[in-house]
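Participant: quick one: sequence plus predicted model below, questions after.
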Amino acid sequence: MVDYLQFQGYLRWFLIILFMMLKAGLIVAVFMHMLWERLALVYAIVVPPLLLLVLLGIGALEADYTFFARGVFFGAM
Amino acid sequence: MTRTATTSTAGILARPDGIEGVVADWSSDQRAFKNVPWGKVMMWIFLLSDTFIFSSFLISYMTVRMTTTVPWPNSSEVFALTIFGQHIPLILIAIMTFVLISSSGTMAMAVNFGYRKDRRKTFVLLLLTAALGAMFVGMQAFEWTKLIVDEGIRPWGNPLGAAQFGSSFFMITGFHGTHVSIGVIFLIITAIKVYRGDLDRERPGFLTGRKGNYEIVEIMGLYWHFVDLVWVFIFAVFYLW
């Protein structure tokens, strides 16, 4: 869809992330019956994946650094 | 095996709701997950660990894509197909996504009919779900063949750009395809159990010896929806990005 509309840059990112999250939330909440479970189970399952945001952050930080180092290294050769 | 944590205790000992309920359920002398069959809890915990596996894959894919100094292959060109002389970007992936989401729908219906003890409809819907899943795996095999044979994409390099493309693509979609295949096998097993009436007659399972009941259809459904969920993420970050 985004290919046909030729959206690029931040708008494209934003739309992809928005629909991905909307759909994922809908599947977990309705199809997997999370809405009807007790809160203790909901928290036990939904909270731990938030840790992944930390991993995401670390990955992004390190990637920038590696990209920079590669630029310097390969550029010097 | 006696089934302890059932709804029957709810009437005797009313549990608080909301945040208070969370605290109360996790307090000492309590079983943390009230009113939930343990099979379901175990499936959720397995899915949680699976979430971490797939997230690690996707995050390392992100890292690898950010660090490469070579241009990344344009996914909408790589996954384009020419059908009837028309060049359509991402068409095979779109069909695969549609098939997988439809199978999620039939699975949800199967769970619903399972709890209504409608053996026939549950069986048919489970088989339909398995067929759609098998179709998905088939199309994935076709896609892999096209990429490997026609376009020369290998895990260690490809003619289109960054070498990391192949490795992350085969790793992530391969792992997902494995999940779908295992899901299809278990769907067929569950369907057979439903068809034979094991769940109505509470026939003990061949592996665990637990009495059969329709909870296993829902647990199977959890797994299947999870596979669909993972595909949503793969589709978004790998094919659309």
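Facilitator: Nice, I can see it. None of these values were measured; they are calculated from a predicted model.

Participant: at which residues are the strands of chain B located?
Facilitator: With strands called from DSSP state E, chain B shows them at B:81-83, B:86-88.

Participant: comparing those strands by mean pLDDT, which bottoms out?
Facilitator: Of all the strands of chain B, strand B:81-83 carries the lowest average pLDDT, namely a mean of 67.

Participant: so who does the residue nearest the centre of chain A touch?
Facilitator: Ranked by distance to the mean C-alpha position of chain A (CA atoms, centre = their mean), the top residue is residue A:17 at 7.1 Å. Applying CB atoms under 8 Å, 6 or more residues apart in numbering or on different chains to residue A:17 gives the contacts residue B:236. Every residue, glycine included, has its C-beta placed from N, CA and C.

Participant: interface residues of chain A facing chain B?
Facilitator: Chain A comes close to chain B at residues A:2-3, A:13, A:16-17, A:19-20, A:23-24, A:27-28, A:31-33, A:37-41, A:43-45, A:48-49, A:52, A:55-56, A:59-60, A:62-64, A:66-67, A:70-71, A:74, as judged by CB under 8 Å from any CB of the partner chain.

Participant: which ones among the residues you listed are found in helices?
Facilitator: A:2-3, A:13, A:16-17, A:19-20, A:23-24, A:39-41, A:43-45, A:52, A:55-56, A:59-60, A:62-64, A:66-67, A:70-71, A:74 (DSSP state H).

Participant: from those, keep the buried residues only.
Facilitator: Neighbour counting by 16 or more other CB atoms under 10 Å in any protein chain shown classes A:2-3, A:16, A:20, A:23-24, A:39-41, A:44-45, A:52, A:59, A:63, A:66 among those as buried.

Participant: which pair in those residues spans the largest distance?
Facilitator: Using CB to CB, those span at most 43.2 Å, a distance reached by A:3 and A:40.

Participant: list the contacts of residue B:129.
Facilitator: B:103, B:106-107, B:110, B:187, B:224.

Participant: try it again at 6 Å.
Facilitator: B:103, B:106-107, B:187 (CB atoms under 6 Å, 6 or more residues apart in numbering or on different chains).

Participant: domains of chain A?
Facilitator: Split into domains by automatic domain parsing, chain A comes to A:1-37, A:47-77.

Participant: nearest to residue B:210, out of these?
Facilitator: Once the domains of chain A are compared by CB to CB, domain A:1-37 is nearest, at 20.8 Å.

Participant: so which residues on chain B come close to chain A?
Facilitator: Contact residues (CB under 6 Å from any CB of the partner chain) of chain B with chain A: B:21-22, B:25, B:32-34, B:36, B:44, B:48, B:51, B:55, B:59, B:62-63, B:66-67, B:69, B:76, B:89, B:108, B:222, B:225, B:229, B:232, B:236, B:240.
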